[in-house]
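Trainee: Need a 3D model of the following:
(chains A and B)
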Amino acid sequence: AQSVTQLGSHVSVSEGALVLLRCNYSSSVPPYLFWYVQYPNQGLQLLLKYTTGATLVKGINGFEAEFKKSETSFHLTKPSAHMSDAAEYFCAVTKSGGSYIPTFGRGTSLIVHP
Amino acid sequence: DAGVTQSPTHLIKTRGQQVTLRCSPKSGHDTVSWYQQALGQGPQFIFQYYEEEERQRGNFPDRFSGHQFPNYSSELNVNALLLGDSALYLCASSPGTGGNQPQHFGDGTRLSIL
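Mentor: Numbering: from 1, shown residues only, chains lettered A, B, ... in the order given. Down below sits the predicted model:
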């Protein structure tokens, strides 16, 4: 069975500082990995995804993530936080091939201080 | 280009009642998935519909059932409501059932059980 662990239910940064949100996964087969963002009272919006190919993927709003198979990680980063980045972030995994049931992490709330 | 739309936005029910939630997928999408998001948690996969059939199912009891119509819209039905069914119910659509397809989410239906 696949699973996702997001370390830290809350991450607090200052505006302009580096953002690092951690995600580790377990999967018996090569995974497909996603990061989503959720603003209050809204659904989830795709930030970026990794399926195959280049392990460093770039997404919207300046975010990027690197797939590291040896570390089973897919951490999300942004060089400089903006106040508008304050939201809930979810890492998700599905497996390649055959049937899939997407598994989401419990989420990390990003707090940005002025 | 309309995204995923869900109705109603909010719903209040009492224990034992039945509820129906509705979803229209993003234009061009033929696959609809339903998720339950409890407060402070990540979305949990309920089931997925494609070609008017349930294709995948998560770990939810038979009280949760669904339907997909020829125009790809979908309904989620929950019978014999329990207090624990209180959550945000999210509908997501995608072009096909592949695990590499990102989900496009609606803003959800907030269901409260009294």
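
Trainee: Bridged to the spatially most central residue of chain B, which residues?
Mentor: The centroid of chain B falls nearest to B:W34 when counting by Cα atoms, centre = their mean (2.9 Å). Per DSSP bridges, the residues bridged to B:W34 are B:F47, B:C91.

Trainee: State the distance from it to chain A.
Mentor: With distances taken as Cβ to the nearest Cβ, to the nearest Å, B:W34 is found 12 Å from chain A. For glycine as for every other residue, the C-beta is placed from the backbone atoms N, C-alpha and C.

Trainee: Please give me every residue in contact with that residue.
Mentor: B:C23, B:F45, B:I46, B:F47, B:Q48, B:G66, B:S74, B:L76, B:Y89, B:L90, B:C91, B:A92 (Cβ atoms under 8 Å, 6 or more residues apart in numbering or on different chains).

Trainee: So which of these wins on neighbours?
Mentor: Neighbour counts for these, by other Cβ atoms under 10 Å in any protein chain shown, peak at B:C91, which reaches 30 neighbours.

Trainee: hang on, it packs against B:Q37?
Mentor: No: counting by Cβ atoms under 8 Å, B:Q37 is not a contact partner of B:C91; they are 11.4 Å apart.

Trainee: List the contacts of B:Q68.
Mentor: B:Q68 neighbours (Cβ under 8 Å, 6+ apart): B:V32, B:Y49, B:Y50, B:E51, B:E52, B:E53, B:S74.

Trainee: Ok, B:L21 next?
Mentor: B:L21 touches B:Q6, B:S7, B:P8, B:L11, B:E75, B:L76, B:N77, B:V78, B:Y89, B:C91, B:T109, B:L111, counting by Cβ under 8 Å, 6+ apart.

Trainee: Across the sheet, point out what pairs with it.
Mentor: Beta-bridge pairing for B:L21 (DSSP bridges): B:L76.

Trainee: how close does it get to chain A?
Mentor: Relative to chain A, B:L21 is positioned 13 Å away (Cβ to the nearest Cβ).

Trainee: try B:V78
Mentor: 19 Å.

Trainee: do the same with B:I46
Mentor: B:I46 is 10 Å from chain A, by Cβ to the nearest Cβ.

Trainee: Not counting sequence-adjacent ones, nearest residue to that residue?
Mentor: Nearest non-adjacent residue to B:I46, counting by Cβ to Cβ, 6 or more residues apart in numbering or on different chains: B:W34, 4.3 Å away.

Trainee: Identify the residues contacting the lowest-mean-pLDDT helix or strand in chain B?
Mentor: Within chain B, no helix or strand scores below strand B:53-57, which has a mean of 93 by mean pLDDT, DSSP states H and E. Residues from elsewhere that reach strand B:53-57, judged by Cβ under 8 Å, 6+ apart: A:99-101, B:31, B:33, B:45-49, B:66, B:68, B:97.

Trainee: can you map out the strands along the chain?
Mentor: With no chain named, the answer covers chain A. Per DSSP state E, chain A carries strands over the ranges A:3-5, A:10-14, A:19-21, A:24-26, A:31-38, A:44-50, A:56-58, A:64-68, A:73-78, A:87-95, A:103-104, A:108-113.

Trainee: I was after chain B.
Mentor: Remark: strands assigned in chain B by DSSP E are B:5-7, B:10-13, B:19-24, B:31-37, B:44-50, B:53-57, B:64-68, B:74-78, B:87-94, B:104-105, B:109-113.

Trainee: want to try CSV for those strands, with distance to A:V37 as columns?
Mentor: As requested, these are arranged in CSV below (distance: least, Cβ to Cβ, whole Å):
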stretch, distance to A:V37
strand B:5-7, 18
strand B:10-13, 23
strand B:19-24, 21
strand B:31-37, 14
strand B:44-50, 18
strand B:53-57, 24
strand B:64-68, 27
strand B:74-78, 24
strand B:87-94, 14
strand B:104-105, 11
strand B:109-113, 19
